[in-house]
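Trainee: what follows is a predicted protein model with its sequence.
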Amino acid sequence: MRLRGGAVPLVAALAMLAGAYGWGWSQGAARVEARVAAERAAEVASARARERALVQAVDQVARDADEREAELRAAAAGAAADLVRLQRAIVSAGGAATAAAAPGADAPAVAAGFLGECAAQLVEVAERADGYARQLIGLQAYVERVCR
């Protein structure tokens, strides 16, 4: 089949148009791919930054908890020392160190022994309360810094 004289320019124009369309499509696809890659890279960078911030926050919570633990241990040691001093004062005052006094013992000795036992129980309760306070403060700090 032979093309007539006017058809050749038409075919050439159509071929150029198809070529330009193909070239434009490939250029557009490359731009879209580049934009998607850039967005993905930005998302990855943002996720890594959030991860670093969370790790730092968890580390800070752990350091703060360690500091509170040391402070509470020091306070517990002070309370234990106060208890020992109280028990010694009770003994030196003539009272029994325990509440297991004989039935015929005098009231001051029983009261002194009871006071000593109450003080020992108070120290135990304070230690438990300090432990619960440590847990609560640690959890609050974790939620505040990490789970926001």
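Mentor: Great, that's in hand.

Trainee: how deep is residue 62 tucked in, by neighbour count?
Mentor: 13 (other Cβ atoms under 10 Å). For the C-beta atoms, the positions are set from N, CA and C on the backbone; glycine is no exception.

Trainee: elements contacting whatever helix or strand it lives in?
Mentor: Using DSSP states H and E, residue 62 sits in helix 7-92. If you count contacts as 3 or more Cβ pairs under 8 Å, 6 or more residues apart in numbering; DSSP states H and E, helix 7-92 packs onto helix 107-146.

Trainee: which strands or helices does the helix it packs on pack on?
Mentor: helix 7-92.

Trainee: starting at the chain centroid, how far to the helix it packs on?
Mentor: 14 Å (Cα atoms, centre = their mean, to the nearest Å).

Trainee: by how many degrees do it and helix 107-146 diverge?
Mentor: 170 degrees (axes from the mean of the first three to the mean of the last three Cα atoms, to 10 degrees).

Trainee: what's the average pLDDT for helix 7-92?
Mentor: Taken as a whole, helix 7-92 has a mean pLDDT of 82.

Trainee: same question, stretch 121-137
Mentor: Mean predicted lDDT for stretch 121-137 stands at 87.

Trainee: list the buried residues for that stretch?
Mentor: Using 16 or more other Cβ atoms under 10 Å as the test for burial, stretch 121-137 gives 123, 130.

Trainee: and it, C-alpha only, in PDB?
Mentor: Provided in PDB are the C-alpha atoms of stretch 121-137 (Å, rounded to 0.1, in the frame of the first residue of the first chain):
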ATOM      1  CA  GLN A 121       4.600  -1.700 111.500                       C
ATOM      2  CA  LEU A 122       4.600   1.900 110.500                       C
ATOM      3  CA  VAL A 123       8.000   1.500 108.900                       C
ATOM      4  CA  GLU A 124       6.800  -1.500 106.900                       C
ATOM      5  CA  VAL A 125       3.700   0.400 105.800                       C
ATOM      6  CA  ALA A 126       5.800   3.400 104.800                       C
ATOM      7  CA  GLU A 127       8.100   1.100 102.700                       C
ATOM      8  CA  ARG A 128       5.100  -0.400 100.900                       C
ATOM      9  CA  ALA A 129       3.600   3.100 100.300                       C
ATOM     10  CA  ASP A 130       7.000   4.300  98.900                       C
ATOM     11  CA  GLY A 131       7.100   1.400  96.500                       C
ATOM     12  CA  TYR A 132       3.600   2.200  95.300                       C
ATOM     13  CA  ALA A 133       4.500   5.800  95.000                       C
ATOM     14  CA  ARG A 134       7.500   4.900  92.900                       C
ATOM     15  CA  GLN A 135       5.400   2.800  90.600                       C
ATOM     16  CA  LEU A 136       2.800   5.500  90.200                       C
ATOM     17  CA  ILE A 137       5.300   8.200  89.500                       C
END
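
Trainee: cool, thanks, signing off.
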